[in-house]
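Visitor: Sequence first, then the predicted structure:
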Amino acid sequence: MTQLSPVPLTRAAVRWSLGHALPRTLLQRAAKQGDLHGRMFVATQSSDLAALEPILDELRTHRPFYKGKYASVSADNAAVRALLSNAEAGSNFVPADGASRLARLQTWSMQDAPLGPLTPPSLLVTEPPDHTRYRKLVSRVFSVRAVEKLRGRTQQIADDLLEKIDPTSPVDIVSTYCSLLPVTVIAEILGVPEKDRENVLRFGAAAAPSLDLGIAWREFRRVEAALREFDEWLTQHLATLRRHPGDDLLSQLVAAQEGGVGLTDAELKSTAGLVLAAGFETTVNLLGNGIALLAGDHEQRKQLAERDDLWPNAVDEVLRVDPPVLLTGRVTTSDTEVVGVPMPSGSVMVGLLAGANRDPLVFPDPEKFDVARENARDHVSFSAGRHYCLGAALARMEGEVGLRTLFERYPDLRVEPGAVRRSTRILRGYEQLPVTLNPQP
Ligand code: HEM
């Protein structure tokens, strides 16, 4: 890990304290006083997935919002959509021109923060008018058409990965398949040369917890070091792509312009980082969660074997029932209302994507996993409004190819004991999922 001199080290410590340690302490204290938002945070820290369920159920009884000490939390589908689409609610929790001492301290600490998925100019924390210009350029490159062009290659990667696995002995399907499929696709999207792949994958794995809240100091330092290394690598890589563009999506993004204006280097790097993080932290979970759900449900697998046109819908049903992202938050930038509830400027709102996906007002019999559910696509696992996931088409395509290829080839796949969920709090999935692909009768 790079050694920092005293001032940058103090800044890093302040960034960690304000971004992780303080929220963790406050929420833990609130939990002790019975605050449901705090209790939810504590439950997400437990590896016991079931601990969260009763809290989500309780939150759901507070429609449209549960008013907690630090945030208004919603599991109501309509309210979650409305808060994510509200023009007066932004996703950047670090005000650029905050007047309070705390805000000034935060701004000071962010001066030399490495570029990451949650630091500007990441699309995730940029707001209009910058967001509008920048997102338009990026979405042109990640269009549904562009993604469909990657389908054949994704299929080939899935086939090659399965070819390498011994189908008769137990194997961890997360490390051998679910994680390798999206990261290989992403390496191609980013035009990463073969010789650099291992390094880039290492940065990605180390930086992955950057999307989480409340991480420990040592982990925070590891994340920041990996983000800096990735940044250095990207500087070189972008220079190479400018000189010798390839047919990858990042080369197209380098060249993309709107009214003669393209993306800045910081915007390009930030987008590349977000794309990498999404592969490590989200699509891998879609695949793992989907395998666990389908392997445990013979009836649903039978339906898919009889009607393979149901696969795209099955992927949305997996996303609805076990979403890779638990929640997201917004802070109001001026006084506003959300589904009729007044939200003064500075209100923090949390949209529980996993809760809104099981709102009985939208999904009849919400606990049932049903690959033929008519409105499975109405989940909010990809968020809503202007920050709606830019990689949704890519993730759906990878989910479909990844799950269909596996279950068509190994319809009797069996999950073995020893599954371990990941320790990340906001991102949900399996760290390990032992399976036997072709169990002997
Ligand atoms: C199953 C997989 C995925 C899930 C569940 C997912 C989920 C999400 C969610 C919930 C958001 C919005 C967060 C918010 O509103 O605060 C988001 C934004 C985003 N996602 Fe994904 N994502 C996935 C895969 C991907 C992939 C593969 C890419 C790569 C292209 C990607 C790129 C992005 C980008 C660039 C944004 C920011 C969009 C903006 O702020 O305008 N995602 N994603």
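Guide: The structure has been received and is ready for your questions.
Visitor: any idea what sits nearest Arg373, other than its immediate chain neighbours?
Guide: Among residues not flanking Arg373 along the chain, Glu317 sits closest, at 5.5 Å (C-beta to C-beta, 6 or more residues apart in numbering). Yep, even glycine has a C-beta here, placed from its N, CA and C like the rest.
Visitor: tell me which element that neighbour falls in.
Guide: helix 311-321 (DSSP states H and E).
Visitor: Over to Arg330: give its phi and psi.
Guide: Main-chain dihedrals, Arg330, degrees, to the nearest 10: phi -140, psi 160.
Visitor: hmm, back to that, quick one: neighbours of the residue nearest to Arg373, just the number.
Guide: Neighbour count of Glu317, defined by other C-beta atoms under 10 Å: 26.
Visitor: in this protein, which helix or strand is least confident?
Guide: strand 257-258 (a mean of 76; mean pLDDT, DSSP states H and E).
Visitor: Partner strands of that one, with direction?
Guide: strand 261-262 (antiparallel) (DSSP bridges).
Visitor: Backbone dihedrals for the closest residue to the ligand within the stretch 251-400 of the chain, please?
Guide: Closest residue of the stretch 251-400 of the chain to the ligand, C-beta to the nearest ligand atom: Gly391 (2.0 Å). As for Gly391, its main-chain torsions (degrees, to the nearest 10) stand at phi -100, psi 10.
Visitor: got a list of what it touches?
Guide: Phe142, Val275, Ala278, Thr282, Thr283 (C-beta atoms under 8 Å, 6 or more residues apart in numbering).
Visitor: By neighbour count, which of these wins?
Guide: Neighbour tally across the contacts of Gly391 (other C-beta under 10 Å): the maximum, 27 neighbours, falls on Thr283.
Visitor: That residue belongs to a helix?
Guide: Yes. Checked against DSSP: H, G, I helix; E, B strand; the rest coil, Thr283 lies within a helix.
Visitor: now, which of the contacts of Gly391 lie close to the ligand?
Guide: Phe142, Val275, Ala278, Thr282, Thr283 (C-beta under 6 Å from any ligand atom).
Visitor: how about the second one, secondary structure?
Guide: Which is Val275. Judged by three-state DSSP, the three-state class of Val275 is helix.
Visitor: coming back round to it: which single one of the contacts of Gly391 is nearest to Val348?
Guide: Minimum distance to Val348 across the contacts of Gly391 is 23.1 Å, recorded for Thr282 (C-beta to C-beta).
Visitor: ok, back up a step: what's the most distant pair in the contacts of Gly391?
Guide: Distance extremes for the contacts of Gly391: the farthest pair is Phe142 and Thr282 at 14.3 Å, using C-beta to C-beta.
Visitor: helices or strands next to the helix or strand containing Glu232 in the packing?
Guide: Counting by DSSP H and E, the element that carries Glu232 is helix 217-243. Helix 217-243 is packed against helix 6-16, helix 197-207, helix 249-255, helix 265-278, with contacts defined by 3 or more C-beta pairs under 8 Å, 6 or more residues apart in numbering; DSSP states H and E.
Visitor: Number of residues surrounding the residue lying closest to Arg301 once chain neighbours are set aside?
Guide: Distances taken as C-beta to C-beta, 6+ apart put Leu294 closest to Arg301, at 5.7 Å, once the chain neighbours are dropped. The local packing of Leu294 (other C-beta under 10 Å) involves 22 other residues.
Visitor: wait, Leu294 sits on Phe407?
Guide: Yes. Leu294 is in contact with Phe407 according to C-beta atoms under 8 Å; the separation is 6.2 Å.
Visitor: Between those two, which contacts overlap?
Guide: Arg301, Leu304.
Visitor: Just the residues contacting the helix holding Glu317, thanks.
Guide: With C-beta under 8 Å, 6+ apart as the criterion, helix 311-321 contacts 286, 289-290, 293-294, 300, 304, 357-358, 363, 369-373, 376-377, 379, 381-382, 396, 399-400, 403-404.
Visitor: Go again with 7 Å.
Guide: 286, 289-290, 293, 304, 357, 369-373, 376-377, 379, 381, 396, 399-400, 403-404 (C-beta atoms under 7 Å, 6 or more residues apart in numbering).
Visitor: got it, and stretch 75-83?
Guide: Residues contacting stretch 75-83 (C-beta under 7 Å, 6+ apart): 56, 59-60, 63-65, 74, 89, 330, 338-339, 349, 351-353, 355-356, 359, 361-362, 380, 384.
Visitor: Look at the residue of the stretch 51-200 of the chain found nearest the ligand and report its pLDDT.
Guide: Relative to the ligand, the nearest point of the stretch 51-200 of the chain is Leu123 (3.9 Å; C-beta to the nearest ligand atom). Here, the pLDDT recorded for Leu123 equals 93.
Visitor: now swap in Arg104 and tell me
Guide: Per the predicted model, pLDDT is 84 at Arg104.
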